[in-house]
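> The following block contains a protein sequence and its predicted model.
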Amino acid sequence: MRLDFFPKFIDSAMTHKTACGAFNSILMIACALALCISEIYAYAKPALHEQLVSVSDLRGALDQLSISFNFTVSVPCVLLHLDVFDMMGSGNRPDQKTLYKVRVDQNGNPIPQTQIAEDCGPCYGAESSQRKCCQTCEDVVAAYQEKGWGIGNLSSWAQCRAEGVMFDGKERCQAYGNLHVNAIEGGFHLAPGINVFSRFGHVHDFSPLVDTLNLTHEIEHISFGAPIDKSPLDNTRVVQKKPGQIHYRYNLKAVPTVKEVNGKVHRFFRFTVNYAEIPVTARGRYGPGIFFVYSFAPVAITSTYDRPNITVLLARLISIFGGSFMLARLIDSFTYRLNTIEGKDRINKFE
C-alpha cells in the first residue's frame, strides 16, 4: 500500500492508502513503461516506406554506374578475359586498373606467383617495336593477341611451363573488381581464350581448352551501383559435370533504388535474375562463356525511414506518463468510491 500514488484524503490532515490504489499504481507504471519502450524502439528502428516513381522524376538515377563483382571460374587466368558491350553496339575492354585476376587452385588457395626472369624472354615471332620481350605467359598471349594470331599450344611456351600453368581444370581464376558503364541496356561476359579481331568483329580463340573446357563457376558477389548487403546471385555455384562448350546466361532486370539513411542518399539497383544453360552448337548464335545481360526498369523505388523528430518522441513519452496517471487516477477514484458505498450498505444492513 505504500506504493499507492493515489492517497484518499479523509480530512485535511489525513490520507488513506489502499491496496487497490497500490495495485493501480503498479499497473500504471508497467503500462507506461511498456508504451515508452515501444515508442523508443519505434524511434530507434523506424519503419521503412517504399514507393514507386518514374525514373524521369529521379535526377541522375540512370547516369553512369559501377558494377562490382567477384567470380571464380575453372579456367586459367591467362585464358580468361572479360568484355563489356551495350545496346548501342559499342564494346570495349574494361579498365585494367579496376579489374584483378588471381590464380587459385581447386581449393581456392592462391597459387604463388613465379618470379619473372631477368633476361629477355622470347615472344615466339610476335615481337614488335612496343613489345620486344615476353617475360611471362600472359605477355606471350598479349603479344599474339596484338598480332591477331591464334594462340595454339600454350604448354609449349617456356614462360607458361615455368609458371606451371595447368590447362586440365586443376587451376582456376578469381576475377574481381569494378566496371564503369553507361546505364543503358548492355552486358558483359567472362569468356575462355583471347579476343581475335577481324573485319567481321571479334571471335574467341580457346583452342588450348577445346577438349577440356569446363566453365564451373562461383559468383561470390555482384551488385549495381553502391554495394548492398545481399543480392540474388551472391554465393551462387554452378557445376559443369563434364567438359563441353556451354553458354551460361544470366538475364538481369535492374530497378533503380534511392535509399535515404541518416540524411545520406544511397543509390543502387535491385535486380531479378533469369538463368539459362545453352549448349553451343556449330550453327548456334551463342559462344561458350558466362554472360550477364542487364536491362533497366522504367520505374524506380524510393525508400525512406519514417523517423520523427526527437522533440516529438519526448512529447509522446510525457503524454504517456501523464495520460497513464490520469486514467489510473480516475479508475482508482471510481473503485474507491464503489468500495466505500458497498461498505456503508453492509453497515446499514447490520444496523
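Yep, that arrived.

> all strands of the stretch 151-300 of the chain, in order?
For the stretch 151-300 of the chain, applying DSSP state E, counting those that start in this stretch gives strands covering 171-181, 186-192, 194-198, 201-205, 217-225, 236-238, 246-261, 264-279, 289-296, 299-306.

> Between those strands, which one is closest to residue 121.
Of all the strands of the stretch 151-300 of the chain, the one in closest proximity to residue 121, counting by Cβ to Cβ, is strand 194-198 (18.5 Å). All C-beta spots, glycine's among them, are computed from the backbone N, C-alpha and C.

> Output the below-cut-off pLDDT ranges for this protein.
1-18, 21, 56-64, 88-97, 115-118, 196-202, 227-229, 263, 336, 339-351 (pLDDT under 70).

> Show me how it divides into domains.
Per automatic domain parsing, the domain ranges recorded for the chain read 8-46+308-350, 53-114+164-305.

> what's around residue 38, how many residues?
Residue 38 has 12 neighbours, counted by other Cβ atoms under 10 Å.

> Give the phi and psi angles for it, as a check.
phi -60, psi -40 (degrees, to the nearest 10).

> distance of it from residue 31?
Taking Cβ to Cβ, to the nearest Å as the measure, residue 38 falls 11 Å from residue 31.

> Between those two, which contacts overlap?
Common neighbours of residue 38 and residue 31 (criterion: Cβ atoms under 8 Å, 6 or more residues apart in numbering): none identified.

> coming back round to it: mind putting the domains of the chain in TSV, distance to residue 124 included?
Output for the domains of the chain, formatted as TSV (distance: least, Cβ to Cβ, whole Å):
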stretch	distance to residue 124
domain 8-46+308-350	64
domain 53-114+164-305	14
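
> Ok, which of the ones you listed comes nearest residue 126?
Of all the domains of the chain, the one in closest proximity to residue 126, counting by Cβ to Cβ, is domain 53-114+164-305 (12.0 Å).

> Compute the first-to-last residue distance for the closest one.
End-to-end distance for domain 53-114+164-305, by Cα to Cα, to the nearest Å: 17 Å.

> gap between that domain and the chain center?
Domain 53-114+164-305 sits 14 Å away from the centroid of its parent chain (Cα atoms, centre = their mean, to the nearest Å).

> Show me the contact partners of stretch 277-284.
Contact with stretch 277-284 is made by 244-249, 286-288, as judged by Cβ under 8 Å, 6+ apart.

> ignore the last one, stretch 113-133
Stretch 113-133 has contacts (Cβ under 8 Å, 6+ apart) with 103, 134-136, 139-140, 142-144, 146-147, 149, 157-159, 162-164.

> same deal with stretch 213-221?
Residues from elsewhere that reach stretch 213-221, judged by Cβ under 8 Å, 6+ apart: 68-75, 169, 176, 190, 192, 206, 227, 231, 233-240, 242-246, 248, 288-290.

> related to what we said a few turns ago, and among the domains of the chain, the most buried is which?
Compared across the domains of the chain, domain 53-114+164-305 shows the largest average neighbour count, a mean of 16 (mean count of other Cβ atoms under 10 Å).

> Residue 138 contacts residue 78, correct?
Yes - using Cβ atoms under 8 Å, residue 138 is in contact with residue 78, at 5.1 Å.

> sec struct for residue 317, please.
Following DSSP: H, G, I helix; E, B strand; the rest coil, residue 317 is assigned to helix.

> Tell me how far the closest residue to it other than its chain neighbours lies from residue 314.
With sequence-adjacent residues excluded and distances taken as Cβ to Cβ, 6 or more residues apart in numbering, residue 317 is closest to residue 36, at 5.4 Å. Using Cβ to Cβ, residue 36 is found at 11 Å from residue 314.

> Over to residue 151?
72 Å.

> so who does residue 48 touch?
By Cβ under 8 Å, 6+ apart, the residues touching residue 48 are 303-306.

> let's see 10 Å
259, 261, 303-306 (Cβ atoms under 10 Å, 6 or more residues apart in numbering).

> Okay, residue 224 and residue 165: tell me how far apart.
Remark: distance between residue 224 and residue 165 (Cβ to Cβ) = 33 Å.

> scratch that, residue 186
Residue 186 sits 32 Å away from residue 165, going by Cβ to Cβ.

> what's the answer for residue 45, then?
Going from residue 45 to residue 165 by Cβ to Cβ gives 53 Å.

> do residue 293 as well
31 Å.

> and if you look at residue 237?
24 Å.

> Of all the strands of the stretch 151-300 of the chain, which one is nearest residue 337?
That would be strand 299-306 among the strands of the stretch 151-300 of the chain, by Cβ to Cβ, at 44.0 Å.

> elements contacting the closest one?
The helices and strands touching strand 299-306, judged by 3 or more Cβ pairs under 10 Å, 6 or more residues apart in numbering; DSSP states H and E, are strand 47-54, strand 246-261, strand 264-279.

> what does that strand contact?
Here strand 299-306 has contacts from 42, 45-58, 61-62, 255-262, 265-267, 269-270, using Cβ under 10 Å, 6+ apart.
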